[in-house]
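Undergrad: have a look at this prediction, sequence included:
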Amino acid sequence: MTTANQYSKTAPSRADVDAMTGVTVVEFGTDWCGYCQAAQPVIGNAFSQHSGTRHLKIEDGPGRPLGRSFKVKLWPTLIFMRDGVEVARVVRPTDAAQIEEAFTATV
């Protein structure tokens, strides 16, 4: 399931994310970030092939504990997780192939 196009201002706790079963992708960014806006068509294209995947879009920034716990430095950053464990990461994707490669790590 893909979330809305906007980044959520509220975030689950790291413990809640770590407890999620199955495949989860946590995308960190902001609605005003130019890199994030430019990447949305690429991200949308890649996720269209994985419509059943849990996709959390979380607003990040200084003082945001979830992004800090993943050591996010640049936006957008996509963290691919299986059963609460990070298996891949894509930073500032420019084509769907980068995201598709990360999806293969979740199998």
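TA: Okay, I see it. Numbers count the residues shown, from 1 in each chain.

Undergrad: who are the contact partners of the spatially closest residue to Tyr7 that is not a sequence neighbour?
TA: In space, and not counting its chain neighbours, Tyr7 is closest to Glu59: 4.0 Å by C-beta to C-beta, 6 or more residues apart in numbering. No exception for glycine: its C-beta is placed from N, CA and C like everyone else's. Contacts for Glu59 (C-beta atoms under 8 Å, 6 or more residues apart in numbering) come out as 7-9, 11, 28-31.

Undergrad: show me what Glu59 is bridged to.
TA: Applying DSSP bridges to Glu59 gives these bridge partners: Gly29.

Undergrad: closest to Val72 out of the contacts of Glu59?
TA: Phe28 (4.7 Å; C-beta to C-beta).

Undergrad: now do the closest residue to that closest one other than its chain neighbours, the pLDDT please.
TA: Spatial nearest neighbour of Phe28, chain neighbours left out: Asp60 (4.0 Å); criterion: C-beta to C-beta, 6+ apart. Note on Asp60: pLDDT of 97.

Undergrad: Asp60 reaches Asp31, doesn't it?
TA: No: counting by C-beta atoms under 8 Å, Asp60 stays clear of Asp31, with 11.1 Å between them.

Undergrad: on that earlier part again, how much space between the residue nearest to Phe28 and Ser51?
TA: According to C-beta to C-beta, to the nearest Å, Asp60 and Ser51 sit 24 Å apart.

Undergrad: the two: which has the busier surroundings?
TA: More neighbours surround Asp60 than the other of Asp60 and Ser51, with 24 against 9 (other C-beta atoms under 10 Å).

Undergrad: check contacts around that one.
TA: Contact analysis of Asp60 by C-beta under 8 Å, 6+ apart lists 7, 28-30, 66-67, 72, 75, 77.

Undergrad: I am finished for the moment; much appreciated.
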